[in-house]
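>>> Need a 3D model of the sequence below.
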Amino acid sequence: MNAPETPRDARIVLGVGVLLGVVGLVATVLRHPKMVGMDFQVYYFAGEALVAGRDFYAASPPAHPTYGYVYPPVTLPVFVPFVVLGSWQAGFAVFTLLNVAVALGAAGLLVRWVEEYRERPLPWLDRGLVAGFTLVSLHSASTLLYGETNFLLLLALVAGFRWLESNRESAAGVAFALPAVVKLFPAVVGLWLLRQRAWRAIGTATLTGIGLFTLGVVGFGVEAHLTFLEVAVAPRLSSSEFAGGLPAEAALLTLRRPISVLLPGLDASLYGPLAFLLLAPVVWYCYRRISEPSSASEPSPESESNPASEPISRLVAIFATMAVMVVGFPSLLLYFVYLLVPMIPLLYLLERGPARKLFVAGAFVANFAVTLANVRRALVGTPGAGLVGVLEPVLTLATPPLYGTLAMLGACVWYLRRRGPTPAVPS
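Have a look, this model is predicted:
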């Protein structure tokens, strides 16, 4: 590979991300202290309601009465041990320590992934930057601040991809099933499993998902699951908030935003299908430009002759898959953290050239996980207040993480296009 030995551009992206995340974290704690542990409080009081035999979907934190539990019933027992600690503050402190450990664990797996394809181990500076970016970038700081579950699911996704690469399909299937059970949309990773013809992983993931769902029905009953569909699934499928154009203040990372802004008169129910329709050719192209999957222990002859079969090309295809997962759905800005799975390895492994420059530029722009409302509040009363008028149309059309993600997707296509001819027999 011709990746830069000293990836200064990667260090800039990660370093700026850490700096912005720390500043954003401190500013939020000082300005909005009630937001500390906001999501964890939802889990805690839902767990408390479960222990007391009450309807946990009707429970909400006293400080945030409009928020409620939106995960499947089978996931709730995971939070019950925190209830035993006696207060949400104590539970949040322990959960934060767990989040830190899990985030660092995910960072460690990402570092190992990078080092497998480098002649030398990453310098300690870069290891620290990867760990810091995973833990406290603007994409990650919200998970830490709110007490969200994203780090746990990120670790499962990283482990799943790593196990799949090492031909441990059954373990990979279980790892991929867990995020899909919790948040549903990570089931998109199944596209990559199909492309890799990882039938054992697909079977294991399916059995794990069905098993957990069955366990939930047995333990909590049908009524609880009907409530889950009503309070959690149905709102996620609704496109009503996009009708007439998504407001610029909405903290969503989704391709449906620019579609709704550019086509405000279109039926809102069509924004989702149109988003996936626009993403489909990119995924198809990325999947088509990699070689046929082969055993991890027995490289195929094609992998030796086809330059587009290198590990970096698989990372590119994984990035396309994860991008569909994140921007195809109406994801919150903090869900960008799932894109770290392929993004960080690509920052270190992508070869020199125009595609790398575009990818790094996209990753840098994505660092600014803000909305127009954030920018307006930050600039009011400052000499830069005049910039709001200039930035308004730009930030109304899309958020910086979406601009950055689309740039990185463009870089992925650019990279694969110059890697050699398309395989004669598309998969």
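>>> Poorly predicted segments of the stretch 151-300 of the chain, please.
Under the criterion of pLDDT under 70, the regions of the stretch 151-300 of the chain flagged as low confidence span 291-300.
>>> make it 90
Per-residue confidence for the stretch 151-300 of the chain (pLDDT under 90) gives these ranges: 231-240, 249, 289-300.
>>> could you pull out the helices for it?
In order along the chain, the stretch 151-300 of the chain carries the following helices (DSSP state H, counting those that start in this stretch): 169-183, 190-195, 199-228, 234-237, 256-262, 271-288.
>>> deepest of the ones you listed, which one?
Counting by mean count of other C-beta atoms under 10 Å, helix 169-183 has the highest mean neighbour count of those, with a mean of 23. Just so you know, the C-beta spots here come from the backbone N, C-alpha and C atoms, and that holds for glycine as well.
>>> what comes into contact with it?
Counting by C-beta atoms under 8 Å, 6 or more residues apart in numbering, the neighbours of helix 169-183 from elsewhere in the structure are 71-72, 74-75, 149, 153, 156-157, 159-161, 163-164, 186-187, 189-190, 193, 198-209, 212-213.
>>> roughly how far out does it sit from the chain middle?
Here the centre of mass of C-alpha atoms in helix 169-183, compared against the chain's by C-alpha atoms, centre = their mean, to the nearest Å, lies 15 Å away.
>>> Just want the angle from it to helix 199-228.
Here helix 169-183 points in a direction 20 degrees away from that of helix 199-228 (axes from the mean of the first three to the mean of the last three C-alpha atoms, to 10 degrees).
>>> hang on, the earlier thing: distance to residue 325 for the helices of the stretch 151-300 of the chain - can I get that in a markdown table?
Formatted as a markdown table, the entries for the helices of the stretch 151-300 of the chain read as follows, by distance: least, C-beta to C-beta, whole Å:
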| stretch | distance to residue 325 |
| --- | --- |
| helix 169-183 | 10 |
| helix 190-195 | 9 |
| helix 199-228 | 14 |
| helix 234-237 | 14 |
| helix 256-262 | 14 |
| helix 271-288 | 10 |
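>>> list the contacts for the residue lying closest to residue 366 once chain neighbours are set aside?
Closest residue to residue 366 in three dimensions, ignoring its sequence neighbours and counting by C-beta to C-beta, 6 or more residues apart in numbering: residue 404, at 2.8 Å. For residue 404, the contacting residues are 362, 363, 364, 365, 366, 367, taking C-beta under 8 Å, 6+ apart as the criterion.
>>> Does the second one lie in a helix or a strand, and which?
Taking DSSP states H and E as the criterion, the element that holds residue 363 is helix 354-366.
>>> Pull the distance from that helix to the chain's centre.
18 Å.
>>> and the gap between residue 185 and residue 235?
Spatial separation of residue 185 from residue 235 under the definition C-beta to C-beta, to the nearest Å is 13 Å.
>>> Likewise for residue 320?
As for residue 320, its distance to residue 235 is 28 Å (criterion: C-beta to C-beta).
>>> now swap in residue 418 and tell me
For residue 418, the distance to residue 235 - C-beta to C-beta - is 43 Å.
>>> Could you do residue 189 as well?
In terms of C-beta to C-beta, residue 189 sits 23 Å off from residue 235.
>>> just residue 132 next, same as before
Counting by C-beta to C-beta - residue 132 and residue 235 are separated by 34 Å.
>>> mind checking the SS state of residue 316?
Three-state assignment for residue 316 (DSSP: H, G, I helix; E, B strand; the rest coil): helix.
>>> Now it: closest residue in space, sequence neighbours ignored.
Residue 316's closest residue in space is residue 412 (C-beta to C-beta, 6+ apart), at 4.4 Å.
>>> picking up where we left off before, determine which of the helices of the stretch 151-300 of the chain approaches residue 123 most closely.
Closest approach to residue 123 among the helices of the stretch 151-300 of the chain is made by helix 169-183 (29.0 Å; C-beta to C-beta).
>>> quick one, what contacts residue 58?
With C-beta under 8 Å, 6+ apart as the criterion, the residues that contact residue 58 are 49, 68.
>>> Mind jotting down where the strands sit in the stretch 251-400 of the chain?
Residue ranges of the strands in the stretch 251-400 of the chain, as given by DSSP state E, counting those that start in this stretch, are 252-253, 331-332.
>>> Including distance to residue 18 and mean neighbour count, could the ones you listed go into CSV?
Listed next are the strands of the stretch 251-400 of the chain as CSV, based on distance: least, C-beta to C-beta, whole Å; neighbours: other C-beta atoms under 10 Å:
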stretch, distance to residue 18, mean neighbour count
strand 252-253, 20, 23
strand 331-332, 21, 19
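>>> Next, format these as CSV and append distance to residue 10.
CSV is the format used below for those (distance: least, C-beta to C-beta, whole Å):
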stretch, distance to residue 10
strand 252-253, 22
strand 331-332, 24
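>>> Mind listing residues that contact the one helix or strand residue 81 maps to?
Residue 81 is part of helix 80-83 when elements are defined by DSSP H and E. Taking C-beta under 8 Å, 6+ apart as the criterion, the residues outside helix 80-83 that touch it are 40, 43, 44, 47, 48, 50, 51, 88, 91, 94, 95.
>>> need the contact list for the closest residue to residue 251 other than its chain neighbours.
Spatially, and ignoring its direct neighbours in sequence, residue 251 is nearest to residue 333 (4.9 Å; C-beta to C-beta, 6+ apart). Contacts of residue 333 were listed using C-beta under 8 Å, 6+ apart, and they are 139, 142, 251, 252, 253, 369, 371, 399, 401.
>>> among the helices of the stretch 151-300 of the chain, which is nearest residue 16?
Go through those one by one with C-beta to C-beta and the one that ends up closest to residue 16 is helix 256-262, at 23.9 Å.
>>> wait, what's in contact with the most centrally placed residue in the chain?
The residue at the geometric middle of the chain, judged as the C-alpha nearest the mean C-alpha position with C-alpha atoms, centre = their mean, is residue 338 (2.1 Å). Residue 338 sits next to 150, 153, 154, 157, 186, 322, 325, 326 when contact means C-beta under 8 Å, 6+ apart.
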